[in-house]
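Participant: Fold the following for me, if possible:
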Amino acid sequence: MKFDNLAMMIIFLSVVAFSGLFAGLVYFGMDTTQTALETINVTIPVGEGMTQNANLTTIQDILGIVVYPFLELRDTLPYLTYFMVFAFIISLGFSAYMSSKNPIFFVVHLLFTFIMTYFSIILSNTYNTLLQDAFINSIMIDFAVYNKIMLFLPQIIFFVALIFGVIAFVSVMKPQGSKFDSGLSYGGDY
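Facilitator: Numbers count the residues shown, from 1 in each chain. The predicted model follows:
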């Protein structure tokens with residue numbers, strides 16, 4: 001397909017815009033759940049014929065084994081969003097390099113970059129408005145890098161798309177064989 005990296009840019013923009021907010025809500029939910037569960041402390045009754053395990057005497061002991069390790073995974077959510085954003089940037093580069101076969105694509109790519117930059121300005125302003133709310137701001141406080149990415153999303157989209165558009169354009173000009181009558185010679189076949 002000729003417009004693979006245009007589709008990748010749309011996916012990149014939508015996933016970046018909503019993944020961090022979703023991860024922030026999951027983080028907040030897991031933190032609230034752990035805080036609520038820590039207030040419960042019940043002694044486990046031992047029935048007749050049962051031996052009491054010295055390590056498991058309260059409900060907190062059981063939650064410490066079963067539930068709390070899962071809830072502690074919330075600390076990885078900010079890192080997962082960072083790595084996902086950078087993985088999409090790298091995939092944009094691969095897609096731009098591999099998909100371009102026509103020089104007219106560069107013009108279409110530039111026009112599409114301007115349109116995506118416009119929509120990323122809207123998303124960035126909306127995210128900035130969301131951060132003005134104290135509740136959303138408290139949820140997203142642990143996602144500092146994601147906050148920076150969203151606040152500078154138009155610049156990131158524009159420059160990443162422009163750089164990878166240039167890569168796609170350069171791949172069109174790449175020599176197709178080792179022997180040329182005219183033009184640039186880059187060495188062997190690539």
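Participant: Could I get the full set of helices for the protein?
Facilitator: Secondary structure of the chain (DSSP state H): helices located at 4-37, 59-66, 68-71, 77-99, 104-132, 134-139, 144-151, 153-173.
Participant: Ok, which of the ones you listed comes nearest T43?
Facilitator: The closest approach between T43 and any of those, judged by C-beta to C-beta, belongs to helix 59-66 at 8.0 Å. Using the backbone N, CA and C atoms, a C-beta is placed for each residue, glycine as well.
Participant: Tell me which residues are up against that closest one.
Facilitator: With contacts defined as C-beta atoms under 8 Å, 6 or more residues apart in numbering, helix 59-66 is touched by 37-38, 40-42, 44, 55-56.
Participant: For the protein, give me the ranges with low pLDDT.
Facilitator: Applying pLDDT under 70 to the chain picks out residues 1-6, 46-55, 95-105, 171-190.
Participant: Relative to the whole chain's centre, how far out is stretch 64-79?
Facilitator: Its chain's average C-alpha position is 19 Å from that of stretch 64-79, according to C-alpha atoms, centre = their mean, to the nearest Å.
Participant: Could you tell me which residues within it count as buried?
Facilitator: For stretch 64-79, burial by neighbour count (16 or more other C-beta atoms under 10 Å) applies to 71, 74, 77-78.
Participant: Could you do stretch 114-127 as well?
Facilitator: 116-117, 119-120, 123-124, 127.
Participant: Which member of these is positioned nearest L21?
Facilitator: Once C-beta to C-beta is applied, the member of the buried residues of stretch 114-127 that ends up nearest L21 is Y127, at 8.1 Å.
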